[in-house]
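[1] A structural model of the following input is requested.
(chains A and B, ligands or ions: 1)
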Amino acid sequence: MLKSEALTEDAVRGALRSVSDPEIPVLSIVDLGLVEEVRILGERVEVDLLPTFTGCPALGFIAQAAEERLLRIPGVREAKVSFTFDPAWSTDRISPAGKLALQSFGIAPPGGVPACPYCGSHKTRIDASFGPTRCRSVYYCDACQNPFERMKAL
Amino acid sequence: MLIGRDLSGEGRAALGEYLLLLGDDELVLGHRDSEWCAFAPLIEEDIAFASIAQDEISHAALFYELIESLRGLGRDQLAFGRPVSEMRNATILERENRDWAFTVVRHYFYDVADDLRTEQLLHSQEPILRSVAERLRREERYHLEHGQMWLRRLSQGGPEAHRRTQAAVDEVLQECRGIFHPLAWEQTLVAEGVLPQRPSLLCARFQERIAGALSDCGLKVQADGGQGDALCGRMGHHGPELTDLLETMGEVWRTDPLAAW
Ligand SMILES: [Zn+2]
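    Okay, here's the model as predicted:
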């Protein structure tokens, strides 16, 4: 086998950009801030992820998708993805690029007065704290009179 | 998840007991919350209670996972496979939903109690308990806000709403003191640094906070002559309401306990 280029943490994080939470497909687990630690041990890669939601049913799916993706990086022969609750994940870990992706997907990101994802107005108000999934609230835009969803600040 | 590595055998046993009680409270109340799905007075509340139920049940799953890494019992077995006498939830949480006022009042009182308990966990010397508490508190903040909003709304909602809310307060306030029932192993948790203080001592602060919230809404703490939690769920003494709940909740699991879901 040809010697591959040196395996770097950047390469690992880059690869994980194609893995997402199935509930928010536009947002990679990297932009969501789930990737806490990457360890490269020769041809073995270990990644620690932070679960977004306690007991989220997508966790197993995310771990499996991440391991499969890691194994496709040249030079990786073994991959192990684990979850850790320490530190606690929070929506503050979502990257600026991730927030833009959420907004264009139609879900306003947390933080400050939300801009309506349809018309961009800040004349918005909360309609219901609890939305269609555990991580979303429902807002209403007084400018274009559309309801929209917003990711809860957690 | 690494937990309890530096504890003595007695400390690990006490931590296991505490985690079980935390998990059972969340599981049982989460199941009661789920019973409102499709029956709540407003569609927004159908959604809210479905969401809150998922939060509470997933918190239970998390506490059971911690027990799993502490002593190797599977979380499904813990949730669905125990006889009623091994359940450690406080009695008030197993009570049937009665009416909307009872539901709102019980949940709000429990959320206040849970807020004090998780605040205590933030000061644990077990790092995993600190970060779990931090995580749970971010979700619970929304439950507290929701409960406050409803308590106010019901207390100002006309004579019948006010009367039923006060009746619910009278019923819940007595029995919910059982959440803080003193337990023999509490001191071990303090001695080994798992908790900064015995959880049963939080009861005084709990009662203060509840009294404050009630007076903000024009509700009263009626003269205290009751006996608290007479049944004592914390000691494994439960009523038929929990037997029925467990029967329903575990029905599917029992058809094939070894199935992978
Ligand atoms: Zn708009």
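[2] Every contact and neighbour count from this point should use C-alpha atoms.
    Noted.
[3] Spell out which residues of chain A are next to the ion.
    A:C116, A:C119, A:C141, A:C144 (CA under 5 Å from the ion).
[4] can you pick the most crowded of those?
    A:C116 (28 neighbours; other CA atoms under 10 Å in any protein chain shown).
[5] is the longest helix seen in chain A anywhere near chain B?
    Assignment by DSSP state H gives helix A:59-71 as the longest helix of chain A. No: Helix A:59-71 is not in contact with chain B by CA under 8 Å from any CA of the partner chain; minimum separation 11.9 Å.
[6] same check, this time on stretch A:101-113
    No: for stretch A:101-113 and chain B, the contact criterion (CA under 8 Å from any CA) is not met; the two come no nearer than 13.1 Å.
[7] What residues of that stretch count as buried?
    By 16 or more other CA atoms under 10 Å in any protein chain shown, the buried positions in stretch A:101-113 come out as A:A101, A:L102, A:Q103, A:I107, A:A108, A:P109, A:P110.
[8] Those: which two are farthest apart?
    Maximum pairwise distance among the buried residues of stretch A:101-113 (CA to CA): 12.6 Å, between A:A101 and A:P110.
[9] The residue of chain B found nearest the ion - how many residues pack around it?
    Residue nearest to the ion within chain B: B:E44 (21.4 Å; CA to the ion). Using other CA under 10 Å, B:E44 is surrounded by 16 other residues.
[10] Would you mind confirming that it makes contact with A:A128?
    Yes: B:E44 lies in contact with A:A128 (CA atoms under 8 Å); the separation is 7.1 Å.
[11] What count of nearby residues applies to the spatially closest residue to B:G178 that is not a sequence neighbour?
    Among residues not flanking B:G178 along the chain, B:D229 sits closest, at 4.8 Å (CA to CA, 6 or more residues apart in numbering or on different chains). A count of neighbours around B:D229, defined by other CA under 10 Å, yields 21.
[12] what's the spacing between the strand or helix carrying B:L62 and its chain's center?
    Assigned by DSSP states H and E, B:L62 belongs to helix B:43-71. Averaging C-alpha positions (CA atoms, centre = their mean, to the nearest Å) puts helix B:43-71 11 Å from its chain's average.
[13] and what of stretch B:247-260?
    Put simply, stretch B:247-260 sits 23 Å off its chain's centre (CA atoms, centre = their mean).
[14] Contacts (any at all) between chain A and that stretch?
    No: counting by CA under 8 Å from any CA, chain A is not contacted by stretch B:247-260; separation bottoms out at 12.8 Å.
[15] What residues of that stretch count as buried?
    Residues B:M249, B:G250, B:W253 are the ones in stretch B:247-260 that count as buried (16+ other CA under 10 Å).
[16] need the residues of the stretch 1-150 of chain B near chain A, please.
    So the stretch 1-150 of chain B meets chain A at B:1, B:44, B:47-48, B:51-52, B:54-55, B:58-59, B:61-62, B:127-128, B:131-132, B:134-136, B:138-139, B:142, B:146 (CA under 8 Å from any CA).
[17] what residues does stretch B:28-46 touch?
    For stretch B:28-46, contacts defined as CA atoms under 8 Å, 6 or more residues apart in numbering or on different chains pick out A:128, A:130, B:47, B:49-50, B:52-57, B:89, B:93-94, B:96-97, B:100, B:245, B:249.
[18] Just the C-alpha atoms of it, please, in CSV.
    The C-alpha coordinates for stretch B:28-46 follow below in CSV (Å, rounded to 0.1, in the frame of the first residue of the first chain):
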residue,chain,number,x,y,z
VAL,B,28,-42.8,8.2,35.9
LEU,B,29,-43.6,11.9,35.5
GLY,B,30,-42.6,11.8,31.9
HIS,B,31,-45.0,8.9,31.4
ARG,B,32,-47.8,11.0,33.0
ASP,B,33,-46.9,13.9,30.7
SER,B,34,-47.1,11.7,27.6
GLU,B,35,-50.7,10.8,28.6
TRP,B,36,-51.8,14.3,27.7
CYS,B,37,-50.8,13.8,24.1
ALA,B,38,-54.0,14.3,22.0
PHE,B,39,-56.0,15.2,25.1
ALA,B,40,-54.6,18.5,26.3
PRO,B,41,-57.0,21.5,26.3
LEU,B,42,-55.1,23.3,23.5
ILE,B,43,-53.1,21.9,20.6
GLU,B,44,-50.1,23.9,21.7
GLU,B,45,-50.2,22.0,25.0
ASP,B,46,-50.4,18.7,23.2
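[19] So which bits of that stretch are buried?
    By 16+ other CA under 10 Å, the buried positions in stretch B:28-46 come out as B:28-37, B:40, B:44-46.
[20] swap in stretch B:139-158?
    Buried residues in stretch B:139-158, defined by neighbour count with 16+ other CA under 10 Å: B:139-140, B:142-144, B:146-148, B:150-152, B:154-156.
[21] Take those residues and keep only those in helices.
    Per DSSP H, the buried residues of stretch B:139-158 map to helices at B:139-140, B:142-144, B:146-148, B:150-152, B:154-155.
[22] Relative to B:A90, how far out is the residue nearest to B:G178?
    For B:D229, the distance to B:A90 (CA to CA, to the nearest Å) stands at 8 Å.
[23] which is the next helix or strand following whichever helix or strand A:D10 is part of?
    A:D10 is part of helix A:9-16, with elements assigned from DSSP H and E. Next along the chain after helix A:9-16, taking DSSP H and E as the criterion, comes strand A:35-41.
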